[in-house]
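Chemist: Sequence first, then the predicted structure, then my questions.
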Amino acid sequence: MIKLPKQQTQALLTVHGWSGVLLGLLLYAVICTGVAAVFAREIGDWASPLAQPPSARLPEGFDGAFRGLAKQVEPRFHDDILLFPAAGGRWNLLFHTDEKDAAGKPVERGTEFELDPATLRPLARRDGLLDEIADARTSNAVADFLVDLHVRLHLPNPWGLLLTGTLGLMMMVAAVSGLFLHRHLFKEIFTLRRRGGLLTARDVHVVAGTWNLPFAFLLAFTGSFFSFATTVGVPAMAMVAYNGDIEAATAALTAKKLPEDATPATPADLDTLLADAQQRGGGGLAFVQIEHWGRADGRASVQLAAPEGGLIGDIYLYGLKDGGFIREQPFLGHVPSLGNDLVLLMSPLHFGNFAGVWSKSVWFALGFAGAYVTLTGMLLWTRRRGEQRAWRRMNSAVHAVGYGLPLALALAPYAYFLLRGSSWHPLDTQGLLFLAVTVALIVYAAVTDDLARYRRRLLAATGAALAGLPLARLASGGIGWSAAWQQGLASLLAVELALFVAGALCLRFALRRGAANEALPTAGPAVRA
Amino acid sequence: MSDASQPSRRRAWLRGLLAGPLALLTALLSMMAGALWLPEGAAGLDHLVLPVVFFPVLWAAWFLYACLDPRLLRGFAVVAGAALLQLALIALHVMAAEGAGA
């Protein structure tokens, strides 16, 4: 039990409520989308599958295909070349360079090929500025919509990142203040009274919340880091240490410190080089950067996925002139450091991707518990003050967001599937449908006088929407279940099974007698502080 | 509005000022000043990276302290004092850098 004087307890209670309710609605949106985004790769593969399962390894013959494509782009784009995976096992190969536009502003321009992983033939070609190229990528649109909502709430940079970073800070404050507020913390971790009314609902909230406290802190901390590192951290460091020169600060962190030599040279075989990297590190390819292709100082940086049982994949640096291994390359700097290790730890801790689908499932479950705690916390808080008109309105808003957001998220991919092939960008169609559903549900919540029925209806609609997604995919010409089974697309079938199960669970909760009263009590004593 | 509620309301606003903008500013200055006194490490970047990594914790710590100190005046003194100390460190560094450049 953590004892605090009454005044400080009151102050913490205010902080806990303020951070939990005022920004809770946005925080809930970030958590909900983050829960789904844990499986962003699987969702992307499911929505845009190819005829064969995705693989983190390239087939033999990549070197020849690469050289053929390199001849098709402007030589200046050989300056910096990126290779990275996309939905369904596709590979994006981006040739680009830095230049200045007519106004003297630095821009990046290039040509990107989307490659079929089996044949290495281009499925698409995209030319222009890097922003335009990024906009033209559509295969991963379902996952991108979720991730963008999670990362920056679809707001322009840097405002979206600053907002989600602030929400992460509020989540940290809520977690820490919750730790101090719940006086019988360790007793309450195991307390679940099976009675109707507020006590049961409060018990579930407290048990889920207390078990989830360390994880909530971890996610909030790492999430805030991702939001603030580039928007606040690097500019602030550049201001102090590099007279405000952000490019100089970035270069100091990422420079490989190798000698420059623009003499033309024939690059070594990439198949051999990539095979050597994968043999050394034991993981599949995650990201490849090739700089100065065709020059004597050409080099390739090969980042591997974490090997089985590992937390972080290695990065290896090779010289292109002879294909020789230069060194293991830290993500930051050119020699190992504490700062580099800490930054690298942030990704597996935030995304839970260090042990494949198992760790992702744990992260999904803990994230789901976090979303549940956020929602029930807001419901308890607003219902307890239900005698005040303003809080009754807030309670309607909490219902609209709490139950409306999952429904809007479940409906958004329908726009992708059913309007695939139209001239509209799939991110726009999903966004418009999401917005329309959200507005309709907010209006419905504002006019209804029966929030319990509202909740049941939205749960039922969410269940139907989730279970219908595989059918929408099939209706849009997606690969059939039999063919997917024969071709080994296990991930696709697993996602569809998960959607059916999630849909059935939502329907079950919607139809359960008295379900509304269990989750949302109408009377009872106040939550103890 | 009663007269008695005025000091209480003013205290609430002052507490908000302390825990909100002032705590954020102090966390930012703590992060920036960290680049000046933390060890660089073998790669010469720890002093730049560690403050950025721990910025969320710095902010949360200053925020919670600003909320919890029962004596508001002391809270302002500690938070503002820390901010001024960090600011002085940064200003001295910038002036030294400009002097060396000149």
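Modeler: Yep, it's here. Residues are numbered from 1 along each chain as shown, chains lettered A, B, ... in the order given.
Chemist: Counting neighbours, which bits of stretch A:382-395 end up buried?
Modeler: Of the residues in stretch A:382-395, A:382-385, A:391, A:394-395 count as buried by neighbour count, 16 or more other C-beta atoms under 10 Å in any protein chain shown. C-betas here are computed from N, CA, C, even on glycine.
Chemist: chain center to it, what's the gap?
Modeler: Its chain's C-alpha centre lies 33 Å from the corresponding centre of stretch A:382-395 when counted by C-alpha atoms, centre = their mean, to the nearest Å.
Chemist: for stretch B:31-50, same thing?
Modeler: Relative to its parent chain, stretch B:31-50 has a centroid offset of 17 Å by C-alpha atoms, centre = their mean.
Chemist: Tell me the buried residues in that stretch?
Modeler: The neighbour-count check on stretch B:31-50 (16+ other C-beta under 10 Å) flags B:31-35, B:41, B:43, B:45-50 as buried.
Chemist: Residues of chain B that sit close to chain A?
Modeler: Contact residues, chain B versus chain A (C-beta under 8 Å from any C-beta of the partner chain): B:28, B:31-33, B:35-36, B:41-53, B:55-57, B:59-60, B:63-64, B:67-68, B:70, B:90, B:93-94, B:97.
Chemist: what's the burial count for residue A:112?
Modeler: By other C-beta atoms under 10 Å in any protein chain shown, the residues close to residue A:112 number 24.
Chemist: got it, and residue A:153?
Modeler: Here the neighbour count serves as a burial measure; for residue A:153 (other C-beta under 10 Å) it reads 17.
Chemist: what's the distance between the closest residue to it other than its chain neighbours and residue A:41?
Modeler: Taking C-beta to C-beta, 6 or more residues apart in numbering or on different chains, and ignoring the residues beside it in sequence, residue A:153 has residue A:160 as its nearest neighbour in space, at 5.3 Å. With the distance defined as C-beta to C-beta, to the nearest Å, residue A:160 ends up 22 Å from residue A:41.
Chemist: helix or strand for the residue lying closest to residue A:476 once chain neighbours are set aside, which one?
Modeler: What sits nearest to residue A:476 in space, not counting adjacent residues and going by C-beta to C-beta, 6+ apart, is residue A:417, at 4.0 Å. Assessed by DSSP states H and E, residue A:417 sits inside helix A:389-418.
Chemist: after that helix, next one along is what?
Modeler: The element immediately downstream of helix A:389-418 (helix or strand, assigned by DSSP H and E) is helix A:426-447.
Chemist: For that following helix, which helices and strands make contact with it?
Modeler: Contacting helix A:426-447 under the criterion 3 or more C-beta pairs under 8 Å, 6 or more residues apart in numbering or on different chains; DSSP states H and E are the following elements: helix A:141-152, helix A:389-418, helix A:451-475.
Chemist: By mean pLDDT, show me the worst of these.
Modeler: Comparing mean pLDDT across the helices and strands packed on helix A:426-447, the lowest value falls on helix A:389-418: a mean of 92.
Chemist: elements contacting it?
Modeler: Other elements packing on helix A:389-418 under the criterion 3+ C-beta pairs under 8 Å, 6+ apart are helix A:24-37, helix A:40-47, helix A:141-152, helix A:356-384, helix A:426-447, helix A:451-475.
Chemist: Could you list the buried residues of it?
Modeler: Residues of helix A:389-418 classed as buried under the neighbour-count rule (16+ other C-beta under 10 Å) are A:391, A:394-417.
Chemist: Tell me how far it lies from the chain's centre.
Modeler: Distance of helix A:389-418 from the chain centroid (C-alpha atoms, centre = their mean) equals 20 Å.
Chemist: Next: stretch B:29-45.
Modeler: Stretch B:29-45 sits 16 Å away from the centroid of its parent chain (C-alpha atoms, centre = their mean).
Chemist: which residues are contacting it?
Modeler: Contacts to stretch B:29-45, defined as C-beta atoms under 8 Å, 6 or more residues apart in numbering or on different chains, come from residues A:233, A:236-237, A:239-241, A:252-253, A:330, A:332-340, B:46-48, B:50-52, B:54-55, B:58, B:62, B:82-83, B:85-87, B:89-90, B:93.
Chemist: Now do that stretch, average pLDDT.
Modeler: This predicted structure assigns stretch B:29-45 an average pLDDT of 91.
Chemist: End to end on it, go ahead and measure it.
Modeler: The first residue of stretch B:29-45 is 18 Å away from its last residue (C-alpha to C-alpha, to the nearest Å).
Chemist: so what's the residue nearest to the spatial centre of chain B up against?
Modeler: With distances taken as C-alpha atoms, centre = their mean, the residue of chain B nearest its centroid is residue B:26 (1.2 Å). Contacts for residue B:26 were tallied using C-beta under 8 Å, 6+ apart; they are B:62, B:79-80, B:82-83, B:86.
Chemist: Same question for residue A:506.
Modeler: Taking C-beta under 8 Å, 6+ apart as the contact definition, residue A:506 lies against A:459-460, A:462-463, A:466.
Chemist: List the buried residues in the biggest helix by length in chain B.
Modeler: In terms of residue count, the longest helix belonging to chain B (DSSP state H) is helix B:72-101. Using 16+ other C-beta under 10 Å as the test for burial, helix B:72-101 gives B:75-76, B:78-79, B:82-83, B:86, B:89-90, B:93.
Chemist: ok, those vs chain A, which is closest?
Modeler: Comparing those against chain A with C-beta to the nearest C-beta picks out residue B:90 as the nearest, at 6.0 Å.
Chemist: so that closest one sits right up against residue A:240, yeah?
Modeler: Yes. Contact status for residue B:90 versus residue A:240: in contact at 6.0 Å, counting by C-beta atoms under 8 Å.
Chemist: hang on, the earlier thing: can you name every helix or strand that the longest helix of chain B contacts?
Modeler: helix A:234-241, helix B:5-17, helix B:23-37, helix B:55-68.
Chemist: hmm, 7 Å instead?
Modeler: helix B:5-17, helix B:23-37, helix B:55-68 (3 or more C-beta pairs under 7 Å, 6 or more residues apart in numbering or on different chains; DSSP states H and E).
Chemist: weakest of those by average pLDDT?
Modeler: Of all the helices and strands packed on helix B:72-101, the segment with the smallest mean pLDDT is helix B:5-17, scoring a mean of 77.
Chemist: Chain B contacts on the stretch 201-350 of chain A?
Modeler: Residues of the stretch 201-350 of chain A found near chain B, taking C-beta under 7 Å from any C-beta of the partner chain as the criterion, are A:221, A:224-225, A:228-229, A:233, A:236-237, A:239-241, A:243, A:252-253, A:330, A:332-335, A:337-340, A:342-343.
Chemist: Buried ones among those residues?
Modeler: By 16+ other C-beta under 10 Å, these give A:221, A:224-225, A:228-229, A:233, A:236-237, A:239-241, A:252-253, A:330, A:332-334, A:337-340, A:342-343 as buried.
Chemist: List the ones among those that fall in helices.
Modeler: A:221, A:224-225, A:228, A:236-237, A:239-241, A:252-253, A:338-340, A:342-343.
Chemist: Return stretch A:323-342 as PDB; C-alpha atoms alone will do.
Modeler: Taking C-alpha atoms only, stretch A:323-342 is exported to PDB below (Å, rounded to 0.1, in the frame of the first residue of the first chain):
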ATOM      1  CA  GLY A 323      31.800  -7.100 -52.200                       C
ATOM      2  CA  GLY A 324      33.900  -7.300 -49.100                       C
ATOM      3  CA  PHE A 325      32.500  -7.200 -45.600                       C
ATOM      4  CA  ILE A 326      33.600  -4.000 -43.900                       C
ATOM      5  CA  ARG A 327      32.100  -4.200 -40.400                       C
ATOM      6  CA  GLU A 328      28.900  -4.600 -38.300                       C
ATOM      7  CA  GLN A 329      27.300  -1.200 -38.600                       C
ATOM      8  CA  PRO A 330      25.400   0.300 -35.600                       C
ATOM      9  CA  PHE A 331      22.100   2.000 -36.400                       C
ATOM     10  CA  LEU A 332      23.600   5.200 -35.000                       C
ATOM     11  CA  GLY A 333      27.300   6.200 -35.200                       C
ATOM     12  CA  HIS A 334      30.000   3.900 -36.500                       C
ATOM     13  CA  VAL A 335      31.000   2.000 -33.300                       C
ATOM     14  CA  PRO A 336      28.800   0.300 -30.700                       C
ATOM     15  CA  SER A 337      27.400   2.700 -28.000                       C
ATOM     16  CA  LEU A 338      24.800   2.800 -25.200                       C
ATOM     17  CA  GLY A 339      22.800   5.400 -27.100                       C
ATOM     18  CA  ASN A 340      22.500   3.100 -30.200                       C
ATOM     19  CA  ASP A 341      21.500   0.100 -28.100                       C
ATOM     20  CA  LEU A 342      18.800   2.100 -26.300                       C
END
